[in-house]
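Peer 1: fold the following, please.
(one chain, ligands or ions: 1)
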Amino acid sequence: MLASLSSENVAPAPVMRFSAEQCCLSIAQFYLAYAGKTALHDLTLDLPRHHVTAFIGPSGCGKSTLLRAINRLHDLNESVTHSGHIQLEGQDIHAPDMNVTELRRRVGMVFQTPNPFPMSIYENVAFGLRLQQRLPKRKRDDIIEWALTSAALWDEVKDQLHRSAWQLSGGQQQRLVIARTLAIKPDVLLLDEPASALDPISTLKIEELIRNLKSQLTLVLVTHNMQQAARVSDYTAFLQQGELVEYGPTDQVFTNPRLQRTENYITGRIT
Ligand SMILES: Nc1ncnc2c1ncn2[C@@H]1O[C@H](COP(=O)(O)OP(=O)(O)OP(=O)(O)O)[C@@H](O)[C@H]1O
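Peer 2: Down below sits the predicted model:
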């Protein structure tokens, strides 16, 4: 068990709640351990629909672990134990009747390193669609154009859809991976440091894309880049040693944090 972080002489941040109409993901008293070693400790937070929530915190504080818990990627790791609840649109993701394949369709995930499949641009985006349902080609083409447009990539690739995805630049590959995820119409997009391997211009494109996508879905962003969290997120959760230290509107967390620990992290006094 982790030592408690509540040594700072300030009452813990009040739990920020959203109404059922506003709330997309609700995490309650969630614990997770790897081989008995606690990685997430008593996390309670609600994530509002059609907003971007950023998870920030020092390396090893549990940001990626929490992200992976939201679409049950830990199911494949036998050393992981957990307790508490994560609800997606009011449904417990660990309920016995939860279809995990359907959960992962509804909760898409994009990783740090772009991972297009070794196939054409078109086939990358068609991949999930083909697994899901047999669609007439015209309908499939429409969805592919829509997904590539939503991922701000269509204009760059519309004349070369049958080129290998691996011939795209890193930034284009990451937008292709986002298009592939969007094609199967998720409710939530989890982004684990999606721009950290990209150049500054590609990073700005991804940030603009994240801001634009929130009209379509709910986004959760893990980032080490404080400016990025401030630029793109509406809410920010600061984690430290597996605990939620502070959570609130991004403007408030960055300009007027409640706790000294948060300020120390945001201003680079702890890393
Ligand atoms: N597969 C795993 N098996 C065992 N321990 C793990 C595993 N993945 C993560 N951990 C541990 O869980 C804790 C949280 O790790 P996690 O990767 O979630 O942190 P993070 O905040 O995302 O870090 P970073 O910013 O460096 O990516 C760390 O102590 C880490 O060593």
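Peer 1: tell me the secondary structure at H82.
Peer 2: The three-state label given to H82 by DSSP: H, G, I helix; E, B strand; the rest coil is strand.
Peer 1: quick one: contacts for it?
Peer 2: The neighbourhood of H82, defined by C-beta atoms under 8 Å, 6 or more residues apart in numbering, consists of 30-33, 40, 69, 74, 94. All C-beta atoms are positioned from the backbone trio N, CA, C, and that covers glycine.
Peer 1: E123 touches F117, doesn't it?
Peer 2: Yes - assessed by C-beta atoms under 8 Å, E123 is found in contact with F117 at 7.3 Å.
Peer 1: which of these two has more neighbours?
Peer 2: A count of neighbours by other C-beta atoms under 10 Å puts E123 above the other of E123 and F117, at 18 against 13.
Peer 1: for the more buried one, what are phi and psi?
Peer 2: For E123, the backbone dihedrals are phi -70, psi -30 (criterion: degrees, to the nearest 10).
Peer 1: I210: what secondary structure?
Peer 2: The three-state assignment at I210 reads helix, by three-state DSSP.
Peer 1: isn't it up against L190?
Peer 2: No - applying C-beta under 8 Å as the test, I210 and L190 come out as separate, 11.7 Å apart.
Peer 1: hey, what's in contact with both of these two?
Peer 2: The contact sets of I210 and L190 overlap at L219 (C-beta under 8 Å, 6+ apart).
Peer 1: comparing these two, which shows the higher neighbour count?
Peer 2: Neighbour totals were compared for I210 and L190, and L190 leads with 26 against 22 (other C-beta under 10 Å).
Peer 1: what does the stretch 101-250 of the chain put close to the ligand?
Peer 2: Remark: no part of the stretch 101-250 of the chain is in contact with the ligand, using C-beta under 6 Å from any ligand atom.
Peer 1: among the contacts of H82, name the ones in strands.
Peer 2: Taking DSSP state E as the definition of strands, the contacts of H82 contribute 30-33, 40.
Peer 1: give the contact list for the residue most central in space within the chain.
Peer 2: The C-alpha lying nearest the average C-alpha coordinate of the chain belongs to L190 (C-alpha atoms, centre = their mean; 2.1 Å). When the contact criterion is C-beta under 8 Å, 6+ apart, the partners of L190 are 67, 70-71, 107-110, 219-220.
Peer 1: and with 10 Å instead?
Peer 2: Under the criterion of C-beta atoms under 10 Å, 6 or more residues apart in numbering, the neighbours of L190 are 25, 55, 64, 66-68, 70-71, 73, 107-111, 181, 218-222.
Peer 1: kindly report the same for V232.
Peer 2: Contact partners of V232, counting by C-beta under 10 Å, 6+ apart, are 52, 54, 191, 195, 206-211, 214, 219, 221, 223, 225, 250.
Peer 1: just the buried ones from these, in ChimeraX syntax?
Peer 2: Selecting only the buried entries of the contacts of V232 in ChimeraX, with 16 or more other C-beta atoms under 10 Å as the criterion:
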select :52,54,191,195,206,207,209,210,214,219,221,223,225,250
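Peer 1: so of the contacts of V232, which ones are in strands?
Peer 2: Per DSSP E, the subset of those in strands is 52, 54, 191, 219, 221.
Peer 1: now the residue nearest to the centre of the chain, nearest residue through space, not along the chain?
Peer 2: Distances taken as C-beta to C-beta, 6 or more residues apart in numbering place M109 nearest to L190, at 4.4 Å, with adjacent residues excluded.
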